[in-house]
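Enquirer: Just the structure for this:
(one chain, ligands or ions: 2)
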Amino acid sequence: MTGHIIAVASGKGGVGKTWFAITLAHGLARSGQRVLLVDWDLGLANLDVQLGLMPQCDLAQVLQQGLPLAGAITHFAACLDILAGSSGTGAISGLDAASLEILLDGVRSCADRYDYVICDLAAGLDQVVRRMAAYVDQLMVVVTDEPTSLTDAYAVLKLHGRDGDAGRGRILVNRAKSTSSGARTYATLSRACQAFLGHTPALAGIIRSDDHVPDCIRRQTPLFTRHPNSQAAQDVEAVVQALIRQRQPDRASCA
Ligand SMILES: Nc1ncnc2c1ncn2[C@@H]1O[C@H](COP(=O)(O)OP(=O)(O)OP(=O)(O)O)[C@@H](O)[C@H]1O
Ligand SMILES: [Mg+2]
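Expert: Ligands and ions are numbered 1, 2, ... in the order given. Sure thing, here's the model as predicted:
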């Protein structure tokens, strides 16, 4: 199966990548898609913290002990498996190139068992992040309306265009005050891309700012479980359904 490994990236930190990656993965799984959610924030992995997970084995152990990657997969919910990082230890930050390729090959070899693999990337643009971004099939670049977030997202899209196929990068506006202000944020960034990079990245979706999001993170519970009817849940659901429609021809269900 091709085209189903998606990385959630940003540039600027703290824009909601981890929360969105979790919620997107959970939303796809609730629609019967088989999903593997991977913590690729190797320095400060915290996907397991947002979900209150205590995995028996994580990516650091896999790499340090030469274990098969599949052994670190934790089953979280129907259709949803998780490959946790090494929370708070920084044990595999600054991964060398050879270990990184082992990690990427391991994810690719597990990927065939899933309809989607959603990877939560670290903020920034270091060599490891760039290699990971170039490796995946699609990149969702999360942006908010803050100027620093916009400039950093532009830098990611620019580098990504240089490193690979520019068309794979899409923009996800998060923490929008309203759908129309989110559309303005997208227009600002996409205009800059068109003017200076010569292409307009597609819009992956607009997620409104919603107090239910920090609440579900504090409770270490996915938004679709705790607040399934919240605005942010509805917005992520729209992204989920759009992704599924795009891949309709080879759609499979685990339900
Ligand atoms: N749509 C939203 N509405 C309200 N708050 C949000 C929304 N999305 C994210 N947040 C808040 O933003 C904060 C950062 O989220 P998160 O940890 O997922 O960001 P990140 O991009 O993964 O950060 P880092 O770069 O440090 O990994 C969280 O405290 C969360 O509550
Ligand atoms: Mg994060």
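Enquirer: Kindly provide the whole-number mean pLDDT of stretch 223-233.
Expert: Averaged over stretch 223-233, pLDDT sits at 98.
Enquirer: So what's the gap between that stretch and the chain middle?
Expert: How far stretch 223-233 lies from its chain's middle: 18 Å, per C-alpha atoms, centre = their mean, to the nearest Å.
Enquirer: in stretch 121-138, what counts as buried?
Expert: For stretch 121-138, burial by neighbour count (16 or more other C-beta atoms under 10 Å) applies to 121-125, 128-138. Yep, even glycine has a C-beta here, placed from its N, CA and C like the rest.
Enquirer: Residues of the stretch 1-150 of the chain that sit close to ligand 1?
Expert: 10, 13, 14, 15, 16, 17, 18, 19, 41, 123 (C-beta under 6 Å from any ligand atom).
Enquirer: List just the nearest of those residues to residue 85.
Expert: residue 41 (6.0 Å; C-beta to C-beta).
Enquirer: contacting residues for that closest one?
Expert: 18, 47, 85, 120, 121, 122 (C-beta atoms under 8 Å, 6 or more residues apart in numbering).
Enquirer: 10 Å instead?
Expert: When contacts are counted by C-beta atoms under 10 Å, 6 or more residues apart in numbering, residue 41 is found next to 8, 13, 17-18, 21, 47, 85, 87, 93, 119-124, 129.
Enquirer: just the helices in the stretch 151-255 of the chain please.
Expert: For the stretch 151-255 of the chain, the helices defined by DSSP state H, counting those that start in this stretch occupy 179-197, 212-218, 223-226, 231-246.
Enquirer: Would you list the strands that the longest strand that the chain contains pairs with, along with their directions?
Expert: For the chain, the longest strand by residue count, based on DSSP state E, is strand 169-176. Applying DSSP bridges, strand 169-176 is found paired with strand 138-143 (parallel), strand 203-208 (parallel).
Enquirer: most tightly surrounded among those?
Expert: strand 138-143 (a mean of 26; mean count of other C-beta atoms under 10 Å).
Enquirer: Over it, what's the mean pLDDT, rounded is fine.
Expert: Rounded mean pLDDT across strand 138-143 is 96.
Enquirer: angle of it against helix 179-197?
Expert: 110 degrees (axes from the mean of the first three to the mean of the last three C-alpha atoms, to 10 degrees).
Enquirer: Using CSV, write down the CA coordinates of strand 138-143.
Expert: Taking C-alpha atoms only, strand 138-143 is exported to CSV below (Å, rounded to 0.1, in the frame of the first residue of the first chain):
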residue,chain,number,x,y,z
GLN,A,138,2.6,13.1,3.1
LEU,A,139,3.5,16.0,5.4
MET,A,140,0.9,17.9,7.3
VAL,A,141,2.5,21.2,8.5
VAL,A,142,0.7,22.6,11.5
VAL,A,143,0.5,26.3,11.8
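Enquirer: Does ligand 2 have contacts with it?
Expert: No: judged by C-beta under 5 Å from the ion, strand 138-143 makes no contact with ligand 2; its nearest approach is 9.7 Å.
Enquirer: other SSEs contacting the lowest-mean-pLDDT helix or strand in the chain?
Expert: None of the helices or strands of the chain scores lower by mean pLDDT, DSSP states H and E than helix 59-65, at a mean of 83. Judged by 3 or more C-beta pairs under 10 Å, 6 or more residues apart in numbering; DSSP states H and E, helix 59-65 is in contact with strand 35-40, helix 97-111.
Enquirer: who touches the residue of the stretch 51-200 of the chain found nearest ligand 1 in this structure?
Expert: Evaluated by C-beta to the nearest ligand atom, the stretch 51-200 of the chain has residue 123 as its residue closest to ligand 1, separated by 3.7 Å. For residue 123, the contact set (C-beta under 10 Å, 6+ apart) comprises 9-15, 17, 41, 43-44, 129, 142, 152, 156.
Enquirer: what about 8 Å?
Expert: Contacts of residue 123 (C-beta under 8 Å, 6+ apart): 10, 11, 12, 13, 14, 15, 17.
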